[in-house]
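Q: turn this into a model:
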Amino acid sequence: MQKILLIAMICLTNALYAQRQKDGTPVELTCEHLVNPLGVDKTNPRLNWRLADRRQGARQSAYQVMVSMDSLGLLKDRAETWNSGKQSSSTMLIQYKGATLKPQTKYFWKVLVWDKDGQQSTSTIASFETGMMGMNNWRGKWISDNHDIHEQAAPYFRRIFNTTKPIKSARAYIAVAGLYELSINGKKIGDHRLDPMYTRFDKRTLYVVEDVTRQLQHGDNAIAVVLGNGWYNHQPLAVWNFDKAPWRDRPTFCLDLRVVYQDGSEETFSSDQQWKTAAGPIRYNNIYTGEHYDARMEMPGWDKPNFDDSQWHSVTYRNPPSSNIVSQQLVPIRLVRSYEPKAIRKIDEKTYVFDMGQNMAGVTKIKIQGKAGTVIQIKHGERLYPNGRLDLSNIDVYYRGDKELEPFQTDILTLSGEKTDEFMAKFGYKGFRYVELSSSEPITLDKSAVTAYFMHSDVRSAGQLKTSSPLINGLWEATNNAYLSNLMGYPTDCPQREKNGWTGDGHLAIETAYYNFDGITVYEKWMADHRDEQQANGVLPDIIPTGGWGYGTANGLDWTSTIAIIPWQTYLFYGDASLLAECYDNIKRYVDYVDGISPQGLTTFGRGDWVPVKSQSNLELTSSVYFYVDATILASAAKLFGKTADQQKYERLSKKIKDAINVKFLDRETGIYSQGTQTELSVPLYWGVVPEAMKAKVAANLNKRVEETDFHLDVGVLGAKALLNALKDNGYDETAYKVAVQDTYPSWGWWIVNGATTLLENWDLKATRDISDNHMMFGEIGGWFFKSIGGILPDPTQAGFKHILLKPIFPRELKESSISFRSPYGEIVSNWRVNGNKVEYNVEIPANATATFYPPKNSNNKVINLEAGKHKIDLELE
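A: Numbering: from 1, shown residues only. Coordinates of the predicted model:
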């Protein structure tokens, strides 16, 4: 009762507070970039907030943060854990600096803010709860069943425990090598999918914390777990050798269920020999192929207290998969959107094909009734053969398993014959638009038989776009669909053929990612994967995580520069240097390795301009440019962290690389790099390699090359990243726009007018290799719209959009644009409408931020400095 009253008082206080919220109020409090997180392992977690204040010139003049274990005391400004005192600062991102945090403890916090006039406002109360904060605090044992890596049936586990006193709170801490689903008293816990996230299991294993207070009951309780293989026990063969991963083993888990009673006493129920195990209806599961489920073997009530488990078996103890068990602190994967079939086609009396209308990553829920033992194959794919059957030939090319017994992207359901069977795979996902159901017996189906779920890391939307161009709107939507399809706790290349964390795809799309979604926690996790995978000499693999594949000869700078580019972009977008600091030594080791094998400043260590339209670009040129990028980022990071010796060293190195590139590849008379392909001209321009005196000539040559192709692309992935930016940043915004909205081959728009709902892997729709229909490596286009027609750019000198650079373009063919971006300070709005040669430009700058507007060269307007608030700027274009 005491807990209920406490919660009610806080909720009432927060509700009343929300009603009288005034300008200058701190809102959206987060800890470690998450809302009220559980399981925080950091000893000095990050706390941040935003200022809700729409007044002109709104800013924060000071703040005070209070942290306490007593929420009621905090309402009265009592903060025994930490009181920062009043700090005269506009910062809204700080690190906790109070008393040592205790493990498995809930802390409440609030922030007081003084506005530009010195008026104080107070936030509602937020919370964070610490996790294990170390291996020594675990009580449970690692347990599994008695099978080895070859056993295909998924193991089920259960245990009964008894609670006799009123419960104040209960938390389940579960660490897993593999995947899991947890239930208590017959109810699935949480709405996450594919927990825990994929890591290099032998170096870092994640645990998840769940609030299970409401799931417990007085008396007997049943806690139950079913395990899936995930990436931990990769059974079918594929070319990336995950079956040979050094960590590979039968899935295992460790669990502590900590119960705190209202009398203050505690009790922990852990994974130990009291648990029992058995096989169940999941007969097979694999991340690449699918899940096989036999409804005849269902065990009704298996996760409830009164289930008869007398025929179940004892568990076996296992060693921990790693010595580093850490909390999973990132947004979870969820089922985010559902789709009903747009169309259904009956092929014959046993076969139906469903068109879900959208290419996606996800799962399908099947509802079917039929004779016992009837086998239903549920195939997922992106394409159809001319006869209407599902075509997997574009995505099963690297699969080396048994396509009869373990068919690719195919779930198999065996019907019970006793009811309408419902099935949805627990431990995998597919990339698909079409679903083919084929039955071993004649069957009658309609659209209600299949529901598709778009599944991905549930990152919050950050960007919005709407223009007078249906093609731009469609491109933006397709880009976001491709991005989300490839976000599963780490960014992937495609959700069907590989599901690999290709490094190049990740950094090429990072700006698009951050302009559109609040994904910092996903990338912080992925950079930890990078640190785990980096060899002592500094080398990184092509795909991360990896079971060992990818440390070859082409895993070089144009791909594995993720280690530098993503932490730097995270700093620019969030103003948070934590990730850059965590990766600093790794970036340094990486750059030093390349420096060691490239004494003259030039290198061929790279993969090159992957999947070009036609022209091949010089590998040494593009690889050396990325070497320069990494050295420059490292020098900038060293300056930021006050590492003067490193700053000077890597500034010298970046100059050496830049000079070497220009000496070898730049013809100063003609202004041509190498053979002058679109990639060879745009990459040096975009990344700042071109000497200042030569920029105009090189840019003019690039513009000419594009005009010669009638404003079509002739690039691969590296050129696709650089081309539009190099043109726009050097005065050729009309050319860049024409390329961006081109709708004939080869172009981004060509995909859209041909019905694509995601981005593709190949410009050529008739290509015979590299032909995934859901790929993110050409995804720069989605971010470029924000940088160009939106003109919203971070200022590196005041990162995190503390100061905003506004450099919009106003293409003659586009009449209207409305773009917004939710920065750490709030929403930045950049809207404009053209009427003849006049432009009405409306801007909104969030509180505590400022901006500078740079007008286009074809106007007579001057540079304008803008304070927080709304602004209307009238332009007249020549």
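Q: top strand in the protein by residue count?
A: What stands out as the longest strand in the chain, according to DSSP state E, is strand 351-368.
Q: for that one, packing partners?
A: strand 333-339, strand 343-348, strand 375-381, strand 410-414, strand 421-424, strand 430-439, strand 450-457, helix 470-485 (3 or more Cβ pairs under 8 Å, 6 or more residues apart in numbering; DSSP states H and E). In this view, the C-beta of every residue, glycine as well, is placed from N, C-alpha and C.
Q: can you add mean neighbour count, mean pLDDT and distance to Glu533 and give the ones you listed back as a markdown table?
A: Below are the helices and strands packed on strand 351-368 laid out as a markdown table (neighbours: other Cβ atoms under 10 Å; pLDDT from 0 to 100; distance: least, Cβ to Cβ, whole Å):
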| stretch | mean neighbour count | mean pLDDT | distance to Glu533 |
| --- | --- | --- | --- |
| strand 333-339 | 17 | 98 | 21 |
| strand 343-348 | 13 | 98 | 44 |
| strand 375-381 | 23 | 98 | 30 |
| strand 410-414 | 23 | 98 | 31 |
| strand 421-424 | 18 | 98 | 32 |
| strand 430-439 | 25 | 98 | 24 |
| strand 450-457 | 23 | 98 | 20 |
| helix 470-485 | 22 | 98 | 23 |
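Q: the ones you listed: which one's closest to Leu237?
A: strand 410-414 (16.1 Å; Cβ to Cβ).
Q: may I see the buried residues of the longest strand of the chain?
A: 351-356, 358-364, 366, 368 (16 or more other Cβ atoms under 10 Å).
Q: between those residues, which is nearest Ala536?
A: Nearest to Ala536 among these: Ala361, at 35.0 Å, using Cβ to Cβ.
Q: pretty sure the closest one is in contact with Tyr429, am I right?
A: Yes: here Ala361 reaches Tyr429: they are 5.5 Å apart, a contact under Cβ atoms under 8 Å.
Q: which strand or helix spans the residue nearest to Leu653 when sequence neighbours are not counted?
A: Among residues not flanking Leu653 along the chain, Ala631 sits closest, at 4.7 Å (Cβ to Cβ, 6 or more residues apart in numbering). Here Ala631, judged by DSSP states H and E, is contained in helix 619-640.
Q: with just CA atoms, put stretch 818-836 into PDB.
A: Extracted C-alpha coordinates of stretch 818-836, given in PDB (Å, rounded to 0.1, in the frame of the first residue of the first chain):
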ATOM      1  CA  SER A 818       8.900  21.500 -45.000                       C
ATOM      2  CA  ILE A 819      11.700  19.800 -43.000                       C
ATOM      3  CA  SER A 820      12.200  19.500 -39.300                       C
ATOM      4  CA  PHE A 821      14.900  17.800 -37.200                       C
ATOM      5  CA  ARG A 822      14.700  17.000 -33.500                       C
ATOM      6  CA  SER A 823      18.100  18.000 -32.200                       C
ATOM      7  CA  PRO A 824      19.300  17.500 -28.500                       C
ATOM      8  CA  TYR A 825      18.000  21.100 -27.900                       C
ATOM      9  CA  GLY A 826      14.600  20.500 -29.500                       C
ATOM     10  CA  GLU A 827      13.000  20.800 -32.900                       C
ATOM     11  CA  ILE A 828      14.700  22.700 -35.700                       C
ATOM     12  CA  VAL A 829      12.200  23.700 -38.400                       C
ATOM     13  CA  SER A 830      13.200  24.800 -41.900                       C
ATOM     14  CA  ASN A 831      10.300  25.500 -44.200                       C
ATOM     15  CA  TRP A 832      10.100  27.500 -47.400                       C
ATOM     16  CA  ARG A 833       7.800  28.200 -50.300                       C
ATOM     17  CA  VAL A 834       8.600  29.700 -53.700                       C
ATOM     18  CA  ASN A 835       6.500  32.200 -55.500                       C
ATOM     19  CA  GLY A 836       8.200  33.300 -58.700                       C
END
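Q: mind checking how far it is from the chain centre?
A: In terms of Cα atoms, centre = their mean, to the nearest Å, the centre of stretch 818-836 is found 24 Å from the chain centre.
Q: quick check: buried residues in that stretch?
A: Neighbour counts over stretch 818-836 (16+ other Cβ under 10 Å) mark 818-826, 828-832, 834 as buried.
Q: try stretch 36-49
A: By 16+ other Cβ under 10 Å, the buried positions in stretch 36-49 come out as Pro37, Leu38, Gly39, Val40, Asp41, Lys42, Pro45, Arg46, Leu47, Asn48, Trp49.
Q: nearest to Ala462, of those?
A: Asn48 (15.0 Å).
Q: any idea how far Leu814 is from Ala740?
A: For Leu814, the distance to Ala740 equals 10 Å [Cβ to Cβ, to the nearest Å].
Q: let me fix that: Ala79
A: Taking Cβ to Cβ as the measure, Ala79 falls 52 Å from Ala740.
Q: pick out whichever of these two has more residues nearby.
A: More crowded of Ala79 and Ala740, by other Cβ atoms under 10 Å: Ala740, with 27 against 21.
Q: mind listing what that one touches?
A: The neighbours of Ala740, taking Cβ atoms under 8 Å, 6 or more residues apart in numbering as the test, are Ile472, Leu475, Leu724, Trp748, Ile781, Trp784, Phe785, Ser788.
Q: kindly recompute the last result at 10 Å.
A: Counting by Cβ atoms under 10 Å, 6 or more residues apart in numbering, Ala740 makes contact with 469, 471-472, 475, 711, 713, 723-724, 727-728, 747-749, 780-781, 784-785, 788-789, 811.
Q: then Val611?
A: 715-717, 720, 760-764, 767, 769-771, 775, 777-778.
Q: switch to 7 Å and redo it
A: By Cβ atoms under 7 Å, 6 or more residues apart in numbering, the contact set of Val611 is Gly716, Val717, Glu761, Asn762, Asp770.
Q: which residues of the stretch 751-878 of the chain fall in helices?
A: 780-787 (DSSP state H, counting those that start in this stretch).
Q: picking up where we left off before, so what does the helix holding Ala631 touch, helix or strand wise?
A: Counting contacts by 3 or more Cβ pairs under 7 Å, 6 or more residues apart in numbering; DSSP states H and E, the secondary-structure elements packed against helix 619-640 are helix 557-560, helix 562-574, helix 578-597, helix 644-665, helix 678-686.
Q: got the angle between that helix and helix 678-686?
A: Relative orientation of helix 619-640 versus helix 678-686 (axes from the mean of the first three to the mean of the last three Cα atoms, to 10 degrees): 20 degrees.
Q: between helix 644-665 and helix 619-640, find me the angle.
A: 160 degrees.
Q: which residues of this protein score low on pLDDT?
A: Residues of the chain meeting the criterion pLDDT under 70: 1-21.
Q: how near is Gly463 to Ile412?
A: For Gly463 relative to Ile412 (Cβ to Cβ), the value is 40 Å.
Q: what does Tyr483 give?
A: Plainly put, Tyr483 is 31 Å away from Ile412 if you go by Cβ to Cβ.
Q: any buried residues in stretch 159-173, and which?
A: If you call a residue buried by 16+ other Cβ under 10 Å, then stretch 159-173 has these buried ones: Arg159, Ile160, Phe161, Thr163, Ile167, Lys168, Ser169, Ala170, Arg171, Ala172, Tyr173.
Q: no more questions from me, cheers.
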